[in-house]
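>>> mind looking at a prediction? Sequence and model below.
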Amino acid sequence: MQNADKGTAASPLDGKELRIGIVQARFNESITNALAAACRETLLDLGVQAEHITQVSVPGALEVPLALMALAERDEFDALIALGCIIRGETYHFELVANESGAGVSRVGLDYGIPIANAILTTENLDQAVARQTEKGRDAAYVAVEMANLLGGLAA
């Protein structure tokens, strides 16, 4: 992850002109609420105006790509962010949800030419999810702002 705080981004990240859409899965809601809080706080720290952040929620990770697509079709966002948490259980369902949600997020970004920061956590257990919830929420904000600026510069 590249960001201004770590001194590795090509230039300081500036989100003041950006419009960002966030889709948050409610499944494992305590984790996704923490992801969303860290993400929003970081977006604001990067200069994104609160009124330029649109957040919607969906039942789970499999529904995230469809909501991302609906936001992308509005053609008013510079970047989107996917937030969710999938914790391995005892069945194959974990792999299905992780693979399909990830593929769907990528497909929306490529089909609509919009950067999407994918912060759908895939962990072995709740402890791993809790350990990652804040950092990955912040990372998603950095990725969204950096990629929006990059693509905006390439289009100019």
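Cool, the structure landed. Residues are numbered from 1 along each chain as shown.

>>> for the nearest residue to Glu124 once chain neighbours are set aside, phi and psi?
Take Glu124 and drop its neighbours on the chain: the residue closest to it by Cβ to Cβ, 6 or more residues apart in numbering is Arg88, 5.0 Å away. Every residue, glycine included, has its C-beta placed from N, CA and C. The phi/psi pair for Arg88 (degrees, to the nearest 10) reads phi -60, psi 140.

>>> partner residues bridging Ile20?
Ile53, Ala79 (DSSP bridges).

>>> so how far is Glu124 from Val143?
23 Å (Cβ to Cβ, to the nearest Å).

>>> more crowded one of these two?
A direct count of neighbours by other Cβ atoms under 10 Å for Val143 and Glu124 places Val143 higher, at 21 against 10.

>>> work out for me the element the residue nearest to the spatial centre of the chain sits within.
Nearest to the mean C-alpha position of the chain, by Cα atoms, centre = their mean, lies Ile81 at 2.6 Å. Assigned by DSSP states H and E, Ile81 belongs to strand 79-87.

>>> report the distance from that strand to the chain centre.
Relative to its chain's centre, strand 79-87 lies at 5 Å (Cα atoms, centre = their mean, to the nearest Å).

>>> give me the buried positions along it.
Residues 79-87 are the ones in strand 79-87 that count as buried (16 or more other Cβ atoms under 10 Å).

>>> go on, stretch 61-79?
61-65, 67-69, 71-72, 77-79.

>>> what's the answer for stretch 144-156, then?
144-149.

>>> report the two of these separated the most.
Largest separation among the buried residues of stretch 144-156 by Cβ to Cβ: Ala144 and Asn149, giving 9.7 Å.

>>> anything in contact with each of the two?
The contact sets of Ala144 and Asn149 overlap at Leu18 (Cβ atoms under 8 Å, 6 or more residues apart in numbering).

>>> count of neighbours near Gln128?
15.

>>> going forward can the numbers begin at 35, since that is how I track them
Yep, numbering from 35; the last one is Gln162 now.

>>> packing partners of whichever helix or strand it is part of?
When elements are assigned from DSSP H and E, Gln162 belongs to helix 160-189. The helices and strands touching helix 160-189, judged by 3 or more Cβ pairs under 8 Å, 6 or more residues apart in numbering; DSSP states H and E, are strand 54-59, helix 63-79, strand 113-121, strand 150-157.
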